[in-house]
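Student: pasting the structure only:
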């Protein structure tokens, strides 16, 4: 769907990180965790391209207008890194943006009787909150959250309110364990029994580490990739990654926007 969304709220949750809530049509309530939205930042040539953002949350609240019934909303979590996100950070309640949503494939929620392991790095937690919201209705969920410093650790309270057991690691030790969150996650996986599935989103080096852990331990794993996108629908081929069968003689490429952004880790070529 393409629609105009009114901004309901837009606030800074940590230095340089913002959480934006926007109005949405009721049909968006059927969006799957892991899908994303494409945002046209403003009605002007600059910036020209839409920006992709993972769906952080979808829900309904009472409308501010009397007699209008529940209002569906969609939320995104973003970091100010360039002109587009800097412009978004200046918007307030009542401003409007143009959205395409929902796009891409989502996570497979899997067997409700197994433990779900979520691992995210920095802004990579964006699609994991909505996923956790769905998973806790049927499974035990643990969340491993990493960042360079404490300022990169986002929304811990929100996950804990869902009933998710949360673990934190920072590179500099300013919050939680010192070191890589993937090391903390691997220790848990090797020390626990029973079936489980890993769900991961974050920077590529972190996802490569997660894929290696999944391969070594035999634990199923789904990853959500971050990529620059121009169209969001597979037409421009600007966000391709190498599939597992890729070689110079036989290219195998997957579009992050259309084939993903969620992939089983063994569908991709990591080295």
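Tutor: That came in fine, so what should we check first? Bear in mind that the values here come from a model prediction, so they are computed numbers and not experimental data.

Student: roughly how far apart are residue 245 and residue 269?
Tutor: Separation of residue 245 from residue 269 (Cβ to Cβ, to the nearest Å): 8 Å. Using the backbone N, CA and C atoms, a C-beta is placed for each residue, glycine as well.

Student: And those two? Which one has more around it.
Tutor: The neighbour comparison of residue 245 against residue 269 (other Cβ atoms under 10 Å) goes to residue 269, with 15 against 10.

Student: if we can go back for a sec, so what sits against both of residue 245 and residue 269?
Tutor: By Cβ atoms under 8 Å, 6 or more residues apart in numbering, residue 245 and residue 269 have these common neighbours: residue 252.

Student: can you confirm residue 226 is in a strand?
Tutor: No - the assignment for residue 226, made by DSSP: H, G, I helix; E, B strand; the rest coil, is coil rather than a strand.

Student: so what's it closest to, chain neighbours aside?
Tutor: Spatial nearest neighbour of residue 226, chain neighbours left out: residue 124 (6.8 Å); criterion: Cβ to Cβ, 6 or more residues apart in numbering.

Student: Over to the one you found: give its phi and psi.
Tutor: The phi/psi pair for residue 124 (degrees, to the nearest 10) reads phi -70, psi -10.

Student: try residue 38
Tutor: Backbone torsions of residue 38, given as degrees, to the nearest 10, read phi -110, psi 120.

Student: how many other residues sit next to it?
Tutor: 23.

Student: What of the one 5 residues further on?
Tutor: Residue 43 has 8 neighbouring residues, counting by other Cβ under 10 Å.

Student: Low-confidence ranges, the stretch 1-150 of the chain, go.
Tutor: Residues of the stretch 1-150 of the chain that meet the criterion pLDDT under 70 lie in 64-67.

Student: Show me where it has its helices.
Tutor: For the stretch 1-150 of the chain, helices defined by DSSP state H, counting those that start in this stretch occupy the ranges 83-88, 126-135.

Student: Name the strands paired with the longest strand seen in the chain and say parallel or antiparallel.
Tutor: Using DSSP state E to define each element, the chain has its longest strand at strand 2-14. Note on strand 2-14: by DSSP bridges, its sheet partners are strand 17-23 (antiparallel), strand 96-103 (antiparallel).
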